[in-house]
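# missing the sequence, but the structure's below:
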């Protein structure tokens, strides 16, 4: 049994801790934020692959208590005309349906599950240094405390401190889009709650879904050559973001501008970024997972699901291989092609250089595809990772 230090108590870090705990390892999570509310404003969709990964370490049930399921995707053009309507996930299994939920609620649920299983989650632990040696790896924190383990997993997001310490040249880069997110209960009910609608507008890609309670979750991806400066994001207000976004959406007949205009204080913006393929993932006893290793733009909606897959594959590699070095080598061989393909496709969509239909992508990733079947075998907890 290895003692593993997980740096980052977000989705990737807590999921990794849960999977490693199930595999029999002693795990402690160290989170810089003082509570579980990191990124509480944003929302995400978990695809069927992410839900499948959750099920492998017994966390699907608490997550399905959050948000709402998405069983289909409708695609409209700028005029509002429907061009496609395709199924999502595996409707025969409620635990494998796509799910729309708030990021902060997912994070809190995973941390609650970790606590229930006796996994320590230490908040307010801001990493400052990592010392890797032949007999263990030591993490040093801003409060002067230290922790030593057999393996350190950096799951601290796109601006990872762990990555900066082991690969300082690897920096996230802007991919040409600003992404707006919001919620409103004031928008009219226009569709069933189990459907997400994607609109290909002339000035923005827009997506929206309505919860059973009548709350609309929406996002808009707007192309721009320059990212918003960090101080502009920090000083920005929901009113300012509405002023920027509504006129762009009004260029098209599709009625999505009304959704944004009806949004009050729950409106935020971020820059879409990615990590370049080839970013180093490991050094000695230190390994990166999730966005710390392979952050992608949000265009494919796979960031959280990829992190959940990471958790399962890493736990199985450490369980099924004879030593740590072999396990980490196998992990990287299994995960890098898939995650970097997602980063490339998502980045190309954000840059406008990839034109594959969302409906085509959803159908290709469905439960009948050979890729999905291979992934299901890889994630299956009861199979050897080497088989």
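Yep, that arrived. This structure is a prediction, so every number in the text was calculated from the model and none was measured. Numbers count the residues shown, from 1 in each chain.
# Quick check: buried residues in the helix or strand that contains residue 177?
In this assignment (DSSP states H and E), residue 177 forms part of strand 173-184. Residues of strand 173-184 classed as buried under the neighbour-count rule (16 or more other C-beta atoms under 10 Å) are 174-184. Every C-beta, even on glycine, is put in place using the N, C-alpha and C of the backbone.
# Could you find the closest non-adjacent residue to residue 277?
residue 340 (4.4 Å; C-beta to C-beta, 6 or more residues apart in numbering).
# Quick one: residues in contact with stretch 211-221.
Around stretch 211-221, the neighbours that count as contacts under C-beta atoms under 8 Å, 6 or more residues apart in numbering are 43, 67-68, 100, 177-185, 187, 189, 193, 204-210, 245, 249, 256, 259-260, 263, 272, 298-299, 350.
# mind checking the longest helix of this structure?
As assigned by DSSP state H, the longest helix anywhere in the chain is helix 324-351.
# what's the distance between it and the middle of its chain?
Distance, stretch centre to chain centre, for helix 324-351: 14 Å (C-alpha atoms, centre = their mean, to the nearest Å).
# for stretch 220-232, same thing?
With C-alpha atoms, centre = their mean, you get 20 Å for stretch 220-232.
# May I see the buried residues of it?
220-222, 227-228.
# Just say helix, strand or coil for the spatially most central residue of the chain.
Closest to where the C-alpha atoms of the chain average out (C-alpha atoms, centre = their mean) is residue 304, at 2.2 Å. Counting by DSSP: H, G, I helix; E, B strand; the rest coil, the backbone at residue 304 sits in helix.
# how close does it get to residue 148?
Counting by C-beta to C-beta, to the nearest Å, the separation of residue 304 from residue 148 is 30 Å.
# and the residue lying closest to residue 256 once chain neighbours are set aside, bridged to which residues?
Closest residue to residue 256 apart from its sequence neighbours, by C-beta to C-beta, 6+ apart: residue 206 at 4.7 Å. With DSSP bridges applied, residue 206 shows beta-bridge pairing to residue 199, residue 220.
# Thought residue 198 was touching residue 206, still the case?
Yes - Residue 206 is within contact range of residue 198, at 7.4 Å (criterion: C-beta atoms under 8 Å).
# Show me what counts as buried in the longest helix of the chain.
Neighbour-count burial for helix 324-351, with 16+ other C-beta under 10 Å as criterion, is recorded at 324, 327-328, 330-332, 334-336, 338-340, 342-343, 345-350.
# can you give me the angle that helix makes with strand 173-184?
Angle of helix 324-351 versus strand 173-184, following axes from the mean of the first three to the mean of the last three C-alpha atoms, to 10 degrees, is 70 degrees.
# what sits opposite residue 177 in the beta ladder?
With DSSP bridges as the criterion, residue 177 is bridged to residue 223.
# residue contacts, it?
Contacts for residue 177 (C-beta under 8 Å, 6+ apart) come out as 221-224, 271-272, 297, 299, 350-351.
# pretty sure residue 73 contacts residue 83?
No - the pair residue 73 and residue 83 does not pass the contact test of C-beta under 8 Å, sitting 11.4 Å apart.
# Out of the contacts of residue 177, flag the one nearest to residue 154.
residue 297 (20.7 Å; C-beta to C-beta).
# phi, psi of the closest one?
Backbone torsions for residue 297, taken as degrees, to the nearest 10, come to phi -60, psi 160.
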